[in-house]
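1. got a sequence here, can you model it:
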Amino acid sequence: MSPSFDCSSSTLLCVEDNDSILGFDDDDDEEEEEEEEEEGGHRLSWVPEPKRCDFYGDLLVDFPLQSDEFLSLLVERELEHLPREDYGERFRSGALKPSIRRDAIDWMWKVHAYYNFGPLTAYLSVNYFDRFLSEYELPQGKTWMTQLLSVACLSLAAKMEKTDVPQSPDLQQDSEAKYVFEARAILRMELMVLNTLKWRMQAVTPFSFIDFFLHKFNGDNAPNNSSIVRSSELILSTTRGTDFLAFRPSAIAAAIALLVLGEIQIVDVQKALSSCSHVAKEGVLECYEVIQDKMLMRKQSTKEEFMLPSILAI
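-> Next up is the predicted model:
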């Protein structure tokens with residue numbers, strides 16, 4: 001049993017509910033949302049995906065190409081920055097409600113887009129949230145605790161990427177969050193997150209590997225800007241689905257590099273992976289297939305949405 005989280009609610013101020021954002025969703029979420037709507041709950045509406053030029057900010061610069069030795073070190077360290085192994089299974093079994101995680105990501109990324117934080121901040125905020133939630137069991141029915149955790153994780157992630165970030169309470173000003181917290185409550189939560197994660201905040205993420213694989217699978221040639229943006233887009237999209245909690249960051253990065261390069265040129269996936277000994281081939285191929293399936297489902301969904309007005313007009 002995970003330890004429970006307890007915190008005083010005396011510092012809370014209530015405001016209105018929030019909205020949501022983008023990415024690969026779990027298929028199980030759709031059924032859960034329908035149940036919530038039938039029970040009189042509020043079903044989230046999807047807002048447009050942020051413009052790439054805003055969301056990806058300073059990403060369009062040359063990545064530092066890593067050595068094989070350094071990459072091996074990152075592969076060894078990446079397990080230190082992942083949630084517990086049973087975390088994804090707890091969502092699939094119903095022990096944790098997918099909506100808790102989905103709503104937290106919606107809020108963090110909405111504020112992220114408002115303040116134009118970089119893509120690493122977006123990824124780290126979810127990473128911190130998942131790692132903490134895999135260790136702590138939040139009391140049921142106290143949604144303000146999840147909201148407080150979201151504020152703390154986004155605040156910590158922003159501080160890891162930038163030195164000039166808004167004060168933690170200011171992150172809530174334009175977010176339309178259901179709860180607003182005072183600085184001392186956020187600080188307490190930040191310290192709890194730091195201690196729970198053992199102060200391992202410089203997490204190894206797919207961003208740590210993507211430059212290496214984009215070069216490696218492209219004949220050691222530097223990727224163009226569009227490939228970098230596309231890779232970042234897919235990396236961030238994988239954070240929304242709990243399916244990807246089963247994969248290491250290195251496997252996600254390798255799979256995405258193969259997919260992105262495959263969109264602009266012919267890539268022999270098997271040959272590319274045989275030339276790279278840093279990652280488990282089976283894990284990369286499985287992740288590659290999952291991402292392809294998600295992309296196909298989204299493409300089909302978009303196609304059906306465009307066809308519907310024409311069908312109705314007949």
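2. tally of neighbours for the closest residue in space to Phe217 that isn't next to it in sequence?
-> Excluding the flanking residues, the one nearest Phe217 by Cβ to Cβ, 6 or more residues apart in numbering is Ala272, at 4.6 Å. Heads up, the C-betas are built off the backbone N, CA and C, glycines and all. Ala272 is flanked by 19 other residues according to other Cβ atoms under 10 Å.
3. OK, contacts around Ala272?
-> By Cβ atoms under 8 Å, 6 or more residues apart in numbering, the residues touching Ala272 are Lys216, Phe217, Leu258.
4. which one of these has the most neighbours?
-> Counting neighbours by other Cβ under 10 Å, Phe217 leads the contacts of Ala272 with 25 neighbours.
5. that one is in contact with Leu258, isn't it?
-> Yes: here Phe217 reaches Leu258: they are 6.0 Å apart, a contact under Cβ atoms under 8 Å.
6. which residues touch Ser231?
-> Residues in contact with Ser231 (Cβ under 8 Å, 6+ apart) are Ile210, Leu214, Pro223, Ile256, Ala257, Val260.
7. list the buried residues of the helix or strand it falls within.
-> Using DSSP states H and E, the element containing Ser231 is helix 225-238. Within helix 225-238, the residues that qualify as buried are Ser227, Ile228, Val229, Arg230, Ser231, Ser232, Glu233, Leu234, Ile235, Leu236, Ser237, Thr238, counting by 16 or more other Cβ atoms under 10 Å.
8. circling back to that earlier point, could you list which of the contacts of Ser231 belong to helices?
-> Counting by DSSP state H, the contacts of Ser231 place Ile210, Leu214, Ile256, Ala257, Val260 in helices.
9. who wins on neighbours among these?
-> Going by other Cβ under 10 Å, Ala257 tops the ones in helices among the contacts of Ser231 with 30 neighbours.
10. which ones are touching that residue?
-> Ile210, Phe213, Leu214, Lys216, Phe217, Ser231.
11. got a pLDDT number for the nearest residue to it once chain neighbours are set aside?
-> Of all residues not flanking Ala257 in the chain, Phe213 sits nearest, at 3.6 Å (Cβ to Cβ, 6+ apart). The model reports Phe213 with a pLDDT of 90.
12. cool, and the one 4 residues further on?
-> According to the per-residue confidence, Phe217 scores 88 in pLDDT.
13. show me the strands in the stretch 151-300 of the chain, by range?
-> Secondary structure of the stretch 151-300 of the chain (DSSP state E, counting those that start in this stretch): strands at 179-181.
14. show me the shaky parts of it.
-> Residue ranges of the stretch 151-300 of the chain with pLDDT under 70: 173-177.
15. can you show me the helices along it?
-> Ranges of helices in the stretch 151-300 of the chain, per DSSP state H, counting those that start in this stretch, are 183-196, 210-216, 225-238, 249-262, 269-274, 281-313.
16. buried set for the first one?
-> When you say that, I think you mean helix 183-196. In helix 183-196, counting by 16+ other Cβ under 10 Å, buried: Ala185, Ile186, Arg188, Met189, Glu190, Met192, Val193, Leu194, Thr196.
17. now stretch 165-174, how far from the centre of its chain.
-> 20 Å (Cα atoms, centre = their mean, to the nearest Å).
18. who's in contact with it?
-> If you take Cβ under 8 Å, 6+ apart as the criterion, stretch 165-174 is touched by 111, 114-115, 117, 151-152, 154-155, 158-159, 180-183, 186-187, 190.
19. mind checking which of those residues are buried?
-> For those, a burial check counting by 16+ other Cβ under 10 Å picks out 111, 115, 117, 151-152, 154-155, 158-159, 180-181, 186, 190.
20. closest to Val279 out of the residues you listed?
-> Distance to Val279 across the buried ones among the contacts of stretch 165-174 (Cβ to Cβ) is lowest for Phe117, with 28.5 Å.
21. which residue would you name as the spatial centre of the chain?
-> When the chain is reduced to its mean C-alpha position, the closest residue under Cα atoms, centre = their mean turns out to be Thr239, at 2.9 Å.
22. leaving out chain neighbours, which residue sits closest to that one?
-> Once flanking residues are discounted, Thr239 sits nearest to Val126: 4.4 Å by Cβ to Cβ, 6+ apart.
23. three-state assignment of the one you found?
-> helix (DSSP: H, G, I helix; E, B strand; the rest coil).
24. separation between it and Trp144?
-> Using Cβ to Cβ, to the nearest Å, Val126 is found at 20 Å from Trp144.
25. cool, and Ile105?
-> Ile105 sits 17 Å away from Trp144, going by Cβ to Cβ.
26. who has more neighbours out of these two?
-> Ile105 (25 against 18).
27. are we agreed that the more buried one is in a strand?
-> No: assessed with three-state DSSP, Ile105 is helix; it does not lie in a strand.
28. pull the CA atoms of stretch 74-92 into CSV?
-> Taking C-alpha atoms only, stretch 74-92 is exported to CSV below (Å, rounded to 0.1, in the frame of the first residue of the first chain):
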residue,chain,number,x,y,z
LEU,A,74,22.0,7.9,-19.8
VAL,A,75,20.5,4.5,-20.5
GLU,A,76,21.8,3.3,-17.2
ARG,A,77,20.3,6.3,-15.4
GLU,A,78,16.9,6.5,-17.0
LEU,A,79,15.4,3.9,-14.7
GLU,A,80,16.0,6.2,-11.8
HIS,A,81,13.6,8.7,-13.3
LEU,A,82,10.6,6.5,-14.0
PRO,A,83,7.4,5.8,-12.0
ARG,A,84,7.0,2.5,-10.2
GLU,A,85,6.6,-0.5,-12.5
ASP,A,86,3.0,-1.1,-11.4
TYR,A,87,1.9,2.5,-12.0
GLY,A,88,0.5,1.9,-15.5
GLU,A,89,-1.2,-1.3,-14.4
ARG,A,90,-3.0,0.6,-11.7
PHE,A,91,-4.7,2.7,-14.3
ARG,A,92,-5.6,-0.3,-16.4
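29. all set, thanks.
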